[in-house]
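Participant: Take a look and give me a structure for this.
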Amino acid sequence: MNNIRLIPRLDIKGENLIKGIRLEGLRVIGDPQEFALKYYLEGADELLYMDIVASLYNRNNLGDIIQKAARNVFVPITVGGGIRKVEDARNLLRAGADKIAINTAAISDPELINRLARRFGSQCVVLSVEAKQAGEGKWECYTDNGRERSGKDVLAWVQEGLERGAGELLITSVDREGTRKGFDIPLVQAIDNLASIPVIVSGGMEAVSDLTEAVKGGADAVAMADILHYGRSDLATIRNLAMRDGVNVREL
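Facilitator: Just a heads-up that it's a prediction; the model follows:
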């Protein structure tokens, strides 16, 4: 069995690390470089950077931030937000990213998934899904950092993404994000039932018990922000408690 990955999530607006609740009410946390280095030194398995206003302004502004991070951080880096064409992805990969996460542009132009997978390989393409519950056992995809409805069913969209060549899934529960109410486990389980590729879950982690439940539900990795940014716990403690709970994480 592969190790469960612990992934700090860094949402970026301009030059600042920010945090919101349900992707709204954004609060400035600090310098993303300082937090990224801290998390790397604490043993992060990967880092996830999301430019949360990129789709609104039709660009990704993380090139410089990623370039600086790649000089000091030696774990895989995934970057998302505002990636609309192959050239956008190429620029971020050249800056130091290892994987590209796409959401809004992929929903507008699903063929983008195919083009990126053909050019860079499926292992480089992360389909980012912002999900809101739309009824019992149903979720709708949202775009533009959870601001806009797409009308797409999450499970149908994930299936299409798999067929088009996505190599990994990032599933963010907009309902749970920043609420400290735990992950949307029925959503995690529903995704796991149809996905044959790794699944990263994001949104709602209050405690290590939430991580454990997500892994039981089928998660291959857990992205976390609030619990780390506000110092409610640290990666070493989370890793040790997860191991105590029987979660297969990397030993440092």
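Participant: got the buried residues for the biggest strand by length in the chain?
Facilitator: The single longest strand within the chain, with elements called by DSSP state E, is strand 125-135. Using 16 or more other C-beta atoms under 10 Å as the test for burial, strand 125-135 gives 125, 126, 127, 128, 129, 130, 131, 132, 133. The way it works is simple: take the backbone N, C-alpha and C, and place the C-beta from them, glycine included.
Participant: Kindly reformat those residues as TSV and extend each row with distance to residue 81 and pLDDT.
Facilitator: Converted to TSV, those look like this (distance: C-beta to C-beta, whole Å; pLDDT from 0 to 100):
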residue	distance to residue 81	pLDDT
125	15	98
126	12	98
127	14	98
128	9	97
129	14	97
130	12	96
131	17	96
132	19	95
133	23	95
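Participant: Tell me the one of these nearest residue 150?
Facilitator: residue 130 (9.0 Å; C-beta to C-beta).
Participant: which residues touch residue 173?
Facilitator: 131, 132, 183, 184, 187, 201, 202, 203, 204 (C-beta atoms under 8 Å, 6 or more residues apart in numbering).
Participant: So which of the residues you listed are in helices?
Facilitator: residue 187 (DSSP state H).
Participant: which of the contacts of residue 173 tops the neighbour count?
Facilitator: Greatest neighbour count in the contacts of residue 173, by other C-beta atoms under 10 Å, goes to residue 201: 32 neighbours.
Participant: ok, that residue to residue 214 distance?
Facilitator: 5 Å (C-beta to C-beta, to the nearest Å).
Participant: Pass me the low-pLDDT residue ranges in the stretch 1-150 of the chain, would you?
Facilitator: Counting by pLDDT under 70, the stretch 1-150 of the chain shows low-confidence ranges at 1, 22-25, 54-60.
Participant: One more pass at 50, please.
Facilitator: Along the stretch 1-150 of the chain, segments meeting pLDDT under 50 are nowhere present.
Participant: Quick check: nearest residue in space to residue 238, chain neighbours excluded?
Facilitator: residue 208 (5.6 Å; C-beta to C-beta, 6 or more residues apart in numbering).
Participant: got a list of what that neighbour touches?
Facilitator: By C-beta under 8 Å, 6+ apart, the neighbours of residue 208 are 233, 238, 241, 242, 245.
Participant: same question, residue 246
Facilitator: With the criterion set at C-beta under 8 Å, 6+ apart, residue 246 makes contact with residue 212.
Participant: let's see it at 7 Å
Facilitator: Not one residue lies near residue 246 by C-beta atoms under 7 Å, 6 or more residues apart in numbering.
Participant: So it versus residue 208, what's the distance?
Facilitator: Applying C-beta to C-beta to residue 246 and residue 208 gives a distance of 11 Å.
Participant: returning to that earlier point: name the member of the contacts of residue 208 with the most neighbours.
Facilitator: residue 238 (23 neighbours).
Participant: close enough to count as contact, residue 43 and residue 237?
Facilitator: No. Residue 43 is beyond contact range of residue 237, at 10.7 Å (criterion: C-beta atoms under 7 Å).
Participant: More neighbours: which of the two?
Facilitator: Using other C-beta under 10 Å as the criterion, residue 43 and residue 237 rank with residue 43 on top: 17 against 13.
Participant: So that one, which state does it fall into?
Facilitator: coil (DSSP: H, G, I helix; E, B strand; the rest coil).
Participant: Residue 242 versus that one, what's the distance?
Facilitator: Distance from residue 43 to residue 242, by C-beta to C-beta: 12 Å.
Participant: same check, this time on residue 91
Facilitator: On the measure of C-beta to C-beta, residue 91 and residue 242 end up 35 Å apart.
Participant: show me the contacts for the residue most central in space within the chain.
Facilitator: Nearest to the mean C-alpha position of the chain, by C-alpha atoms, centre = their mean, lies residue 170 at 4.7 Å. Residues near residue 170 by C-beta under 7 Å, 6+ apart: 101, 126, 128, 129, 200, 202.
Participant: All set, thanks.
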